[in-house]
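Engineer: Quick one, structure for this:
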Amino acid sequence: MTNILAYLEAVLAAEDDAITIVGTDKKVLFWNEAAVRTYNINSEDIIGRPIHEFFDKDDLMIFKVLETREPVQSNYHRPRKDKHVVLNASPIFDQQEELIGAIAVERDITQIVKLNDNLQTTNTELNELRQIVYTNNDETPFSKLRGKSEALQQTIQIAMKASKTDATTLILGESGTGKEVCARAIHEASPRSEGPFIPVNCGAIPAALFESELFGYEGGAFTGAEKKGKKGKIEMANGGTLFLDEVGELPLEMQVKLLRVLQESELYRVGSSTGTPVNVRFIAATNQDLESRMEQKLFRSDLFYRLNVIQITMPPLRQRINDIPELTQNFLKHFASQYQVPAPTLEKEAMEAMLQYHWPGNVRELRNIVERILILSDSSIIRKQDLLSFFQPASQQESKPLPFHAPSLPAEKENIEKMRLEEALQQAGGNKTAAAQMLGISRVTLYNKMRKYGVINY
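Structural biologist: I've put the predicted structure just below:
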């Protein structure tokens, strides 16, 4: 038994999360090294002492667990004014079902919360600067969507019509196609341009903070809440536009509450029974197949139809290859100015290689490669053989051919098409819907091509 206790104590001590065990008398029985680091309280100072001597009694969730004898899961908690944690706590019973104490496991998310607050402030400042800088009458907000291809111009036409209304808009497209650029352009061209543009990355907010981040909270709504309460992102966007990026990552319970805001233009802060009216234009974006997620019960159909009033699809770069020269030159000028170096010239063969590449990362990948060229190139002229080294590390070039194609050779084109098909299926983990979306084709076309090329291992 002694050995088992020693092993157990070693496991708890090695845990990265702060672990506290107290008895029914509220005295600390166990305090691991992570707790020492989190709260800067040594074990010898706190073990055997009542825990409320070190924390405000009203700020201790473990007291609630002792009183209610009920566990708490994934609870956002502020045991101190300078600490933000996600807490799991459970009562401890002996073999006779008698309560003998409680255990709390706390994950420190203080830095995440601070970074999120800083990002929020920075976004607000950037928006204000954009409003000041945007004074060139020769350009429109949609000039930031560079390119003259028919696919892009059709997208811009729909976006321009959307900007004249307050209609909820859903922007679809692969990663790197410029969905947020389009959303900002719609906002800046709309009657709400003087209002705030508040972007929210739904995939980057911890689940425990989602509700308070979107809807805000009242003072005293939960332990450690600010006394005056705090506005959520929706309320901050009042009079302007809220951009919900990666909306497919929105938790189901939040989808219900967001739908209510969309329908009633009213939100309820955490801890409040009184609704707050809001005047917000919603733009959502995703690179996921929301219809597939609806089939999997991961996305509510009623929210999808409410968001999908106006649908805009950002075309992948491979469907607008005629825009590549203009985009390349714009990025060359931008980064040459940024890094204070002369812009190199691309030979004709190098540009042809750019046109033949499939660009799985779309405009973002093109931008990154141009920046890489500016930083790493020692020549004023970029040749085709030089360009290939910028697409991927040299160690990978022999083992995996780059997705270039030669449109004039049908057989070679089919080989490349099969390779792209296999790459997309591999990247999508065998998910046919995701692979079809990456390739810019329908699922029916994907299945037909899989049969044509004998791709049967996915």
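
Engineer: drop to CA atoms for contacts and neighbour counts, all remaining ones
Structural biologist: Will do.

Engineer: quick one, strands of this protein?
Structural biologist: Listed in chain order, the strands found in the chain under DSSP state E are 18-23, 28-31, 72-80, 83-93, 99-108, 169-172, 197-201, 241-245, 266-267, 276-277, 281-286, 310-313, 345-346, 381-382.

Engineer: would you turn those into JSON lines with mean neighbour count?
Structural biologist: JSON lines is the format used below for these (neighbours: other CA atoms under 10 Å):
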{"stretch": "strand 18-23", "mean neighbour count": "23"}
{"stretch": "strand 28-31", "mean neighbour count": "20"}
{"stretch": "strand 72-80", "mean neighbour count": "18"}
{"stretch": "strand 83-93", "mean neighbour count": "21"}
{"stretch": "strand 99-108", "mean neighbour count": "21"}
{"stretch": "strand 169-172", "mean neighbour count": "24"}
{"stretch": "strand 197-201", "mean neighbour count": "21"}
{"stretch": "strand 241-245", "mean neighbour count": "25"}
{"stretch": "strand 266-267", "mean neighbour count": "21"}
{"stretch": "strand 276-277", "mean neighbour count": "14"}
{"stretch": "strand 281-286", "mean neighbour count": "24"}
{"stretch": "strand 310-313", "mean neighbour count": "20"}
{"stretch": "strand 345-346", "mean neighbour count": "18"}
{"stretch": "strand 381-382", "mean neighbour count": "16"}
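
Engineer: Least confident of those strands, on average?
Structural biologist: Ranked on mean pLDDT, the bottom entry among the strands of the chain is strand 72-80, at a mean of 81.

Engineer: List the neighbouring strands of that strand plus their orientation.
Structural biologist: Strand pairing for strand 72-80, determined by DSSP bridges: strand 83-93 (antiparallel).

Engineer: pLDDT below threshold where in the stretch 51-200 of the chain?
Structural biologist: 57-59, 120, 123-138 (pLDDT under 70).

Engineer: got a markdown table for the strands of the chain, with distance to Gln153 too?
Structural biologist: Below are the strands of the chain laid out as a markdown table (distance: least, CA to CA, whole Å):
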| stretch | distance to Gln153 |
| --- | --- |
| strand 18-23 | 54 |
| strand 28-31 | 62 |
| strand 72-80 | 46 |
| strand 83-93 | 47 |
| strand 99-108 | 47 |
| strand 169-172 | 15 |
| strand 197-201 | 24 |
| strand 241-245 | 22 |
| strand 266-267 | 36 |
| strand 276-277 | 37 |
| strand 281-286 | 19 |
| strand 310-313 | 11 |
| strand 345-346 | 26 |
| strand 381-382 | 30 |
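
Engineer: In PDB, please show the C-alpha coordinates belonging to stretch 302-315.
Structural biologist: Extracted in PDB, the C-alpha atoms of stretch 302-315 (Å, rounded to 0.1, in the frame of the first residue of the first chain):
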ATOM      1  CA  ASP A 302     -31.200  26.400 -39.100                       C
ATOM      2  CA  LEU A 303     -28.000  28.400 -38.400                       C
ATOM      3  CA  PHE A 304     -26.600  27.400 -41.800                       C
ATOM      4  CA  TYR A 305     -29.700  28.700 -43.600                       C
ATOM      5  CA  ARG A 306     -29.700  31.900 -41.500                       C
ATOM      6  CA  LEU A 307     -26.100  32.600 -42.300                       C
ATOM      7  CA  ASN A 308     -26.400  31.600 -46.000                       C
ATOM      8  CA  VAL A 309     -28.600  34.500 -47.100                       C
ATOM      9  CA  ILE A 310     -25.800  35.600 -49.500                       C
ATOM     10  CA  GLN A 311     -23.200  33.100 -50.400                       C
ATOM     11  CA  ILE A 312     -19.800  34.100 -51.800                       C
ATOM     12  CA  THR A 313     -17.200  31.600 -53.000                       C
ATOM     13  CA  MET A 314     -13.600  32.700 -53.200                       C
ATOM     14  CA  PRO A 315     -12.100  30.900 -56.200                       C
END
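
Engineer: Just the residues contacting it, thanks.
Structural biologist: 151-152, 155, 158-159, 162, 167-174, 177-179, 255-256, 259, 262, 282-284, 290 (CA atoms under 8 Å, 6 or more residues apart in numbering).

Engineer: Kindly write the ChimeraX command that selects the buried subset of these.
Structural biologist: Restricted to buried positions by 16 or more other CA atoms under 10 Å, the ChimeraX selection for the contacts of stretch 302-315 reads:
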select :151,152,155,159,162,167,168,169,170,171,172,173,174,177,178,179,255,259,262,282,283,284,290
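
Engineer: Outline the domain layout of the protein.
Structural biologist: Domain ranges of the chain: 2-108, 112-313, 317-397, 410-453, per automatic domain parsing.

Engineer: ok so, going back, now, which of the contacts of stretch 302-315 lie within helices?
Structural biologist: Using DSSP state H, the members of the contacts of stretch 302-315 that fall in helices are 151-152, 155, 158-159, 162, 179, 255-256, 259, 262, 290.

Engineer: Out of those, the closest to Val444 would be?
Structural biologist: Proximity of these to Val444 (CA to CA) peaks at Leu290, which lies at 17.6 Å.

Engineer: quick one: contacts for the closest one?
Structural biologist: Applying CA under 8 Å, 6+ apart, the residues near Leu290 are 248, 299, 304.

Engineer: now swap in Pro325 and tell me
Structural biologist: Applying CA under 8 Å, 6+ apart, the residues near Pro325 are Met351.

Engineer: burial of the residue lying closest to Arg49 once chain neighbours are set aside, as a residue count?
Structural biologist: Nearest residue to Arg49 in three dimensions, chain neighbours excluded: Lys27, at 5.0 Å (CA to CA, 6 or more residues apart in numbering). Using other CA atoms under 10 Å, Lys27 has 18 other residues around it.

Engineer: Show me what Lys27 bridges to in the sheet.
Structural biologist: Beta-bridge partners of Lys27, counted by DSSP bridges, are Pro50.

Engineer: Make a markdown table from the ones in helices among the contacts of stretch 302-315 and add distance to Lys348 to it.
Structural biologist: Shown next, in a markdown table, are the ones in helices among the contacts of stretch 302-315 (distance: CA to CA, whole Å):
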| residue | distance to Lys348 |
| --- | --- |
| Ala151 | 25 |
| Leu152 | 24 |
| Thr155 | 29 |
| Ile158 | 34 |
| Ala159 | 34 |
| Ala162 | 39 |
| Lys179 | 30 |
| Gln255 | 50 |
| Val256 | 54 |
| Leu259 | 52 |
| Leu262 | 51 |
| Leu290 | 41 |
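
Engineer: now stretch 310-324: how far from the chain's centre is it?
Structural biologist: Relative to its chain's centre, stretch 310-324 lies at 22 Å (CA atoms, centre = their mean, to the nearest Å).

Engineer: Next up, the contacts around the closest residue to Pro141 other than its chain neighbours.
Structural biologist: Distance criterion CA to CA, 6+ apart; nearest residue to Pro141, sequence neighbours excluded, is Ala185 at 4.7 Å. By CA under 8 Å, 6+ apart, the contact set of Ala185 is 141-142, 144.

Engineer: Throw these into a markdown table and include distance to Ile234 and neighbour count, thanks.
Structural biologist: What follows is the contacts of Ala185, written out as a markdown table (distance: CA to CA, whole Å; neighbours: other CA atoms under 10 Å):
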| residue | distance to Ile234 | neighbour count |
| --- | --- | --- |
| Pro141 | 23 | 17 |
| Phe142 | 25 | 19 |
| Lys144 | 26 | 13 |
